[in-house]
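Colleague: What follows is a predicted structure for the sequence shown.
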Amino acid sequence: MRKDARDQPVLQSIAVSVKRSSGISGALLAKRRCHFSEAKQWQRPGTFPGHTERLELTHTGQKMTQLFDSYFMGGFECSSHRRKDGRRLDLLLSTKHDIYAAQDYRSLIDHGIRTVRDGVRWHRIEASPGTYDWSSFLPQLHAARETGVQPIWDVCHYGWPDDIDIWSPAFVTRFANFAGALAALIRDEWPDIPYYCPMNEISFWAWAGGDTGSIAPYQRWRGMELKRQLVRATIATIEAIREVDPRARFVSVDPLINVVPKNERQRRKAENARLAQYGAWDMLLGKLMPELGGKPDYLDIMGVNFYSHNQWYLNGPTIRKGQPNYRPLRDILTEVYQRYERPLFIAETGAEGDRRVPWLQYVCDEVAAALEGGVPVGGICLYPITDYPGWENYRHCPTGLLGYVEEGGRPVYQELATEIRRQSERFERLFEPA
């Protein structure tokens, strides 16, 4: 979920569509309590050998173990869906990351960032059904191996091949087959444990693409139908990848939101809208709509996205940081961890222009407070890590540590670089390397 200005009316209208088609009921209001001990070990149910997360929740001077190779991460914008006018977005192409991957990775390493979120372009690789041309992906994979960064691969970031009907059973089968072929390629090319995000932002995509018609497939009042389809595809993909490479780990990413009623009559509607953020995760667990096949080990690592516009009044304006009803990020992170008891990290966060540094400071302060309260937040991913062109109007969105490619490379936003260095030193004192 981006912070481009195009998102604002979309976000502000979420409650109407959630109420009509989300299927989220008041039964999900019940929350499990979690009591933190000084040191707690969590193991993913049904885990494979070696897949144990040591989450040291301690206040006695011991260090916690971070999830990834670096606490701070960089995410490359890789959306690839078609706009309403039929033009396909390809952000890896338009930001030139597809040809500057090695340079981009080295630049991030220079700033202490050794873990990245990056994308695989399904529509380019499988232009013909069942035929895979990896030439658009191999430069990224080889660059990651040569530079030593640790990638988390988005297998589908809103885009799919033109010949597939996203509503059909064939979508699930084709996506799982594609992911299995991708996993076989990476298994043979990559010596370390691979990380995958099968479907980016299932709940957000289902709402924006199936309820409000804001992104592909541009439907209205079909959000729950789309969410179920994306969950089916995710489950099939996890199974296909695990069959090929049992080492694989999986990240499930969705935004964190807060919806506040403007009056007492709206309270139930606002709460249902807020709880819709948990829909996809609950389906993967098998808690919601178990007929989809969900089970606990499909929810491995949780990635949570958070921007300045992620809180609003029901059918009303954004709630800004500092306003009375703004909910601290630390409280939202605590609720998520108590609900799922899974390792988690901030998978997307950032701001534009001169707001980049203050926003990072806020997020880091809140994450530090959550850690102090026993919530094992395993990393913070700056997203997008490069500037990018807006989806609808191609305006220059200055969000990144790294700017547009210029002669001699990408310019660095020095104020953000300095703050990343300062915050990295702060969190290094709390964490042991992965």
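Modeller: Yep, that arrived. Everything numeric in this text was worked out from a predicted model, so none of it was measured.

Colleague: where does this structure dip in pLDDT?
Modeller: 1-63, 434 (pLDDT under 70).

Colleague: Can you tell me the element the spatially most central residue of it falls in?
Modeller: For the chain, the residue sitting closest to the mean C-alpha position, by Cα atoms, centre = their mean, is residue 253 at 3.5 Å. Remark: residue 253 resides in strand 249-255, with elements defined by DSSP states H and E.

Colleague: Show me what the helix or strand following that strand is packed against.
Modeller: Downstream of strand 249-255, the first helix or strand assigned by DSSP H and E is strand 258-260. In terms of contact count using 3 or more Cβ pairs under 8 Å, 6 or more residues apart in numbering; DSSP states H and E, strand 258-260 is assigned the packing partners helix 267-275, strand 311-313. Bear in mind the C-beta positions are built from the backbone N, C-alpha and C, glycine included.

Colleague: give me that answer again for 6 Å
Modeller: Applying 3 or more Cβ pairs under 6 Å, 6 or more residues apart in numbering; DSSP states H and E, one finds that strand 258-260 contacts helix 267-275.

Colleague: Would you tell me what the next helix or strand after the helix it packs on is?
Modeller: Beyond helix 267-275 toward the C-terminal end (DSSP H and E), the next one is helix 279-285.

Colleague: what does that following helix contact?
Modeller: Here helix 279-285 makes contact (Cβ atoms under 6 Å, 6 or more residues apart in numbering) with 202-203, 227, 231, 254, 288-289, 292, 294, 296, 298-299.

Colleague: Of those residues - the most surrounded one?
Modeller: If you count neighbours using other Cβ atoms under 10 Å, the busiest of these is residue 227, which has 29 neighbours.

Colleague: so that one makes contact with residue 206?
Modeller: Yes - using Cβ atoms under 6 Å, residue 227 and residue 206 qualify as a contacting pair, with a distance of 3.5 Å.

Colleague: Now for those two: what residues contact both?
Modeller: Common contact partners of residue 227 and residue 206 (Cβ under 6 Å, 6+ apart): none.

Colleague: residues in contact with residue 427?
Modeller: residue 71.

Colleague: For it, what are phi and psi?
Modeller: With angles defined as degrees, to the nearest 10, residue 427 sits at phi -80, psi -20.

Colleague: How about the one 3 residues further on?
Modeller: With angles defined as degrees, to the nearest 10, residue 430 sits at phi -100, psi -20.

Colleague: Next: residue 229.
Modeller: Note on residue 229: backbone dihedrals following degrees, to the nearest 10 are phi -70, psi -40.

Colleague: Could you give the number of residues near residue 197?
Modeller: As a burial measure, the neighbour count of residue 197 was computed by other Cβ under 10 Å and equals 24.

Colleague: Pairing partners for the one helix or strand it maps to, with directions?
Modeller: In this assignment (DSSP H and E), residue 197 forms part of strand 195-199. As defined by DSSP bridges, the strand partners of strand 195-199 come to strand 150-156 (parallel), strand 249-255 (parallel).

Colleague: Turn these into CSV, columns for distance to residue 334.
Modeller: Rendered in CSV, the data for the strands paired with strand 195-199 read as follows (distance: least, Cβ to Cβ, whole Å):
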stretch, distance to residue 334
strand 150-156, 24
strand 249-255, 17
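
Colleague: out of these, which comes closest to residue 70?
Modeller: Residue 70 lies closest to strand 150-156 among those, at 7.8 Å (Cβ to Cβ).

Colleague: The helix or strand that that closest one is followed by: how far from the chain's middle?
Modeller: The element immediately downstream of strand 150-156 (helix or strand, assigned by DSSP H and E) is helix 169-189. Here the centre of mass of C-alpha atoms in helix 169-189, compared against the chain's by Cα atoms, centre = their mean, to the nearest Å, lies 20 Å away.

Colleague: Okay, buried residues for helix 169-189 please.
Modeller: Along helix 169-189, these residues count as buried under the neighbour rule (16 or more other Cβ atoms under 10 Å): 171-172, 174-187.

Colleague: Could you export that helix as CSV, CA atoms only?
Modeller: C-alpha atoms of helix 169-189 as CSV (Å, rounded to 0.1, in the frame of the first residue of the first chain):
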residue,chain,number,x,y,z
PRO,A,169,-9.3,-22.0,-11.0
ALA,A,170,-6.6,-21.9,-13.6
PHE,A,171,-5.1,-18.8,-11.9
VAL,A,172,-4.4,-20.8,-8.8
THR,A,173,-2.9,-23.7,-10.7
ARG,A,174,-0.8,-21.5,-13.0
PHE,A,175,0.5,-19.4,-10.2
ALA,A,176,1.5,-22.4,-8.1
ASN,A,177,3.3,-24.0,-11.2
PHE,A,178,5.1,-20.8,-11.8
ALA,A,179,6.2,-20.5,-8.2
GLY,A,180,7.4,-24.1,-8.2
ALA,A,181,9.5,-23.4,-11.3
LEU,A,182,10.9,-20.2,-9.7
ALA,A,183,11.8,-22.1,-6.5
ALA,A,184,13.6,-24.8,-8.5
LEU,A,185,15.6,-22.1,-10.2
ILE,A,186,16.5,-20.4,-7.0
ARG,A,187,17.3,-23.7,-5.2
ASP,A,188,19.9,-24.4,-7.9
GLU,A,189,21.3,-20.9,-7.9
